[in-house]
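1. Return atomic coordinates for the entry below.
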Amino acid sequence: MASPTTTPSSSLIFLVLLAHAAPLAVAMLDPVDFLSLQAIRKSLHDTPGSNFFASWDFTSDPCGFPGVLCDSSSSSRVVSLSLGDPRASAPGLTGRLDPALGNLSSLAELAVVPGRIFGRIPQSLYRLRNLRFLAVGHNFLSGEIPADLGLLRNLRTLDLSYNRLTGLVPRAVGSLPSLSNLVLCHNQLSGPVPPFLSRTLTRIDLTHNELSGPVPPTYLPLSLQYLSLSWNRLSGPVDRLLYRLGRLNYLDLSMNQFTGPIPGQVFGYPIKTLQLQRNAFSGLVRPARWVVIPTVDLSYNRLSGEIPPEFSTVRSLYLNSNRFTGQVPGSFVDRLLGSSIRVLYLQHNFLTGIEINPAAEIPATSSLCLQYNCMVPPVQSPCPSTAGTQKSRPTWQCREWRRRRG
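-> Predicted coordinates:
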């Protein structure tokens, strides 16, 4: 018998339908799709506790199977396929994705719920020229992302997150003209971030990979609203890149090796949490206006100069482990004692003072840490364990820092 991944002959179709003695409804399903669904079913199995395939009985109409949606034409085709129980925390499937998926030529949506699907992404998916949605996240897929996915010119969402994929992010994927959502986080992808050409791209999530190298300013489109590149090995300056992306409402560049200044404009973006920690950003920080972002984390960088008073409107501010100097602005004290600031971490800098009454009581809902600066903290408040036990920097470090600053 011919492989289910090839287009069956008319005689084979007749024999298959006759052998199954299927009702008329089954005969209306396109024969190629019928055989493809059979092959897909044979390559996948329910994990313990899952009953997704219990009603996949090919003596009945496959268009009524759970997860299968067909169009209403006289020769019905599968247009949407969702493999597995979509309910939260439901057990998933195990097995491999059969190449017969590529024979479902009218398929517009393909989703596989979280489970234990392993093996490679079938190369045959490039034939699904109508595909708009492809999501196979939270499984155990391995190997490289097929470059031929770049032939899916109608693809809008590509989610291959939480797998074991390796190799590059194909430049062909970056060139997809209709792409809106790209989610490849929590894999083992390496190499550079490719240029993205889609003018409708709003979300890029490449978190927790092994990507490296710079991200040139023109590589990301102005349409971006969500950008997460954290936990990689990306490097170089991003000030020109961030200056262009004025539509961002989520930004996480933490845990990389980015360098250079942070543009002041980024503090005015409509972001709820700004995560730039654990990089090598340097220079002065100059917000263009009062910062209304609820949480700002710039910790573990090489930022210097005085702390801008514009940060006193931030509810949770992490400036620890930098090179800030001078006095803490008085506006911080007022808002801290008034419970407007919930977290103010300033430890491990070169700060020289803060005007606060030693008898002042920090509100129970607020956290202040001043340890390991060029001063003795005037108030006692609990610090995270990472701050260490030393209250102040050694005097020689402060002298050396002032000398080097000239």
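2. Quick check: pLDDT value at the spatially closest residue to Pro146 that is not a sequence neighbour.
-> Spatial nearest neighbour of Pro146, chain neighbours left out: Gln123 (5.3 Å); criterion: Cβ to Cβ, 6 or more residues apart in numbering. In short, each C-beta sits where N, CA and C put it, glycine included. What the model reports for Gln123 is a pLDDT of 96.
3. my read: Gln123 touches Leu97, true?
-> No - with contacts counted by Cβ atoms under 8 Å, Gln123 stays clear of Leu97, the gap being 10.8 Å.
4. who has more neighbours, these two?
-> Legend: neighbour count by other Cβ atoms under 10 Å for Gln123 and Leu97, higher for Leu97 (25 against 13).
5. helix/strand/coil for Val266?
-> For Val266, the assignment made with DSSP: H, G, I helix; E, B strand; the rest coil gives helix.
6. I'd like to know how many residues surround it.
-> Residues contacting Val266 under the criterion other Cβ under 10 Å number 23.
7. Just give the nearest non-adjacent residue to it, would you?
-> Excluding its sequence neighbours, the residue lying closest to Val266 (Cβ to Cβ, 6+ apart) is Leu242, at 4.9 Å.
8. quick one: the strands in the stretch 201-350 of the chain?
-> Taking DSSP state E, counting those that start in this stretch as the test, the strands found in the stretch 201-350 of the chain are 203-205, 210-213, 226-228, 233-237, 250-252, 257-260, 273-275, 280-283, 295-297, 302-306, 316-318, 323-328, 343-345, 350-354.
9. between the last one and strand 323-328, how many degrees?
-> Right, strand 350-354. Note on geometry: by axes from the mean of the first three to the mean of the last three Cα atoms, to 10 degrees, strand 350-354 and strand 323-328 are set 10 degrees apart in direction.
10. following strand 350-354, which helix or strand shows up next?
-> Going down the chain from strand 350-354, the next helix or strand is strand 367-369, by DSSP states H and E.
11. Report all helices and strands that that following strand contacts.
-> Where contact means 3 or more Cβ pairs under 8 Å, 6 or more residues apart in numbering; DSSP states H and E, strand 367-369 is packed against strand 343-345.
12. partner strands of the strand it packs on, parallel or antiparallel?
-> Partners of strand 343-345 in the sheet, by DSSP bridges, are strand 316-318 (parallel), strand 367-369 (parallel).
13. Contacts for it, please.
-> Here strand 343-345 makes contact (Cβ atoms under 8 Å, 6 or more residues apart in numbering) with 299, 315-320, 332, 336, 366-369, 383-384.
14. are any of those buried, and which?
-> Using 16 or more other Cβ atoms under 10 Å as the burial test, the contacts of strand 343-345 include 299, 315-320, 332, 336, 366-369, 383 as buried.
15. For those, give me CSV that also has distance to Leu152 and pLDDT.
-> Converted to CSV, the buried ones among the contacts of strand 343-345 look like this (distance: Cβ to Cβ, whole Å; pLDDT from 0 to 100):
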residue, distance to Leu152, pLDDT
Ser299, 41, 98
Arg315, 43, 97
Ser316, 41, 98
Leu317, 43, 98
Tyr318, 41, 98
Leu319, 45, 98
Asn320, 45, 98
Phe332, 51, 96
Leu336, 53, 95
Ser366, 51, 94
Ser367, 48, 95
Leu368, 52, 96
Cys369, 50, 96
Cys383, 51, 93
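16. JSON lines for those residues, including distance to Leu224?
-> Conversion of the buried ones among the contacts of strand 343-345 to JSON lines gives the following (distance: Cβ to Cβ, whole Å):
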{"residue": "Ser299", "distance to Leu224": "25"}
{"residue": "Arg315", "distance to Leu224": "25"}
{"residue": "Ser316", "distance to Leu224": "24"}
{"residue": "Leu317", "distance to Leu224": "25"}
{"residue": "Tyr318", "distance to Leu224": "24"}
{"residue": "Leu319", "distance to Leu224": "26"}
{"residue": "Asn320", "distance to Leu224": "29"}
{"residue": "Phe332", "distance to Leu224": "32"}
{"residue": "Leu336", "distance to Leu224": "34"}
{"residue": "Ser366", "distance to Leu224": "34"}
{"residue": "Ser367", "distance to Leu224": "33"}
{"residue": "Leu368", "distance to Leu224": "35"}
{"residue": "Cys369", "distance to Leu224": "34"}
{"residue": "Cys383", "distance to Leu224": "36"}
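17. Looking at those residues, spot the one nearest Pro309.
-> Set against Pro309, the nearest of these by Cβ to Cβ is Phe332 (7.6 Å).
18. before we move on, back to that, how much space separates the residue nearest to Pro146 from Arg87?
-> Noted for Gln123: a distance of 31 Å to Arg87, by Cβ to Cβ, to the nearest Å.
19. Repeat that for Gln188.
-> Where Arg87 is concerned, Gln188 sits at a distance of 29 Å (Cβ to Cβ).
20. Please say which of the two ends up with more neighbours.
-> When Gln188 and Arg87 are compared for neighbours, Gln188 comes out ahead with 13 against 8, by other Cβ under 10 Å.
21. How many neighbouring residues does Leu93 have?
-> Neighbour count of Leu93, defined by other Cβ under 10 Å: 23.
22. Brilliant, that's me finished.
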